[in-house]
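A.B. asks: My questions are about this predicted structure, shown below with the sequence.
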Amino acid sequence: MLLPGVPSGNRLHLVFGITVFAPGITATSFILSLGPSLLAKVLDVTNPLVAGSTACVMFLTATGIQFALNKFSVRTIFIIGAIATILSMIGLVAAVTASLVPLFILAAIFAGMGQGLGQLGGLTLIGLHVPEHRRAEANAVLNMGGYIPAALLPVCTGFLIDDKGRLLQSWSFYRPKLINLS
């Protein structure tokens, strides 16, 4: 089996692209795969239209941000993309902690920004620096570096949540006891 590769002089370009693209696409994957359960079980939103609309807005943002910022430097694109992904995860934690659906939607929008900008920056570096006859391989490496964690992390998190939930339900102290303070 022959795996894709890039010339040694271009590996750093791919590392930069993967470093921003992978967390961004993992954030969108996390929201897409676990978001409906979070909405239903934690935020008490059972309407599938909310989950679907959130996913739609997230991916429209991922595309739209690429058009909006394609004239920026790659460095600026990566910085904004990384910040957006961090804000997405902070927003997701805040949404779950405070049980606020608007924060969840905002987290999805930031995740879309992170994914779109990570992809734009990575593909721009490939287009600018990788020799033409090696760009397809470089694109494959960028996508492998992004999609593998995007697939593994949400699936592992889902299993962890299921296992921890089963474990906590089996413990008697899981259910809080009311204390009479009067």
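C.D. replies: Noted; the coordinates are in hand. Numbers count the residues shown, from 1 in each chain.
A.B. asks: buried residues in the longest helix along the chain?
C.D. replies: The single longest helix within the chain, with elements called by DSSP state H, is helix 135-170. For helix 135-170, a neighbour-count test (16 or more other Cβ atoms under 10 Å) marks 135, 137-139, 141-143, 145-146, 149-150, 153-154 as buried. (Glycine included, C-beta is placed from N, CA and C.)
A.B. asks: Low-confidence ranges, the protein, go.
C.D. replies: Residue ranges of the chain with pLDDT under 70: 164-182.
A.B. asks: Run through the helices of it in chain order.
C.D. replies: 11-37, 48-69, 74-98, 101-129, 135-170.
A.B. asks: from these, which stretch is densest packed?
C.D. replies: Comparing the helices of the chain by mean neighbour count (mean count of other Cβ atoms under 10 Å), helix 101-129 ranks first with a mean of 24.
A.B. asks: re the thing from before, I'd like to know which elements the longest helix of the chain is packed against.
C.D. replies: Counting contacts by 3 or more Cβ pairs under 8 Å, 6 or more residues apart in numbering; DSSP states H and E, helix 135-170 packs against helix 11-37, helix 101-129.
A.B. asks: Now tabulate those in JSON lines and tack on distance to Cys56.
C.D. replies: As requested, these are exported to JSON lines (distance: least, Cβ to Cβ, whole Å):
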{"stretch": "helix 11-37", "distance to Cys56": "11"}
{"stretch": "helix 101-129", "distance to Cys56": "10"}
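A.B. asks: So for Gln66, which of the ones you listed sits nearest?
C.D. replies: helix 101-129 (4.6 Å; Cβ to Cβ).
A.B. asks: Ser73 - how many residues pack around it?
C.D. replies: Applying other Cβ atoms under 10 Å, we find 11 residues neighbouring Ser73.
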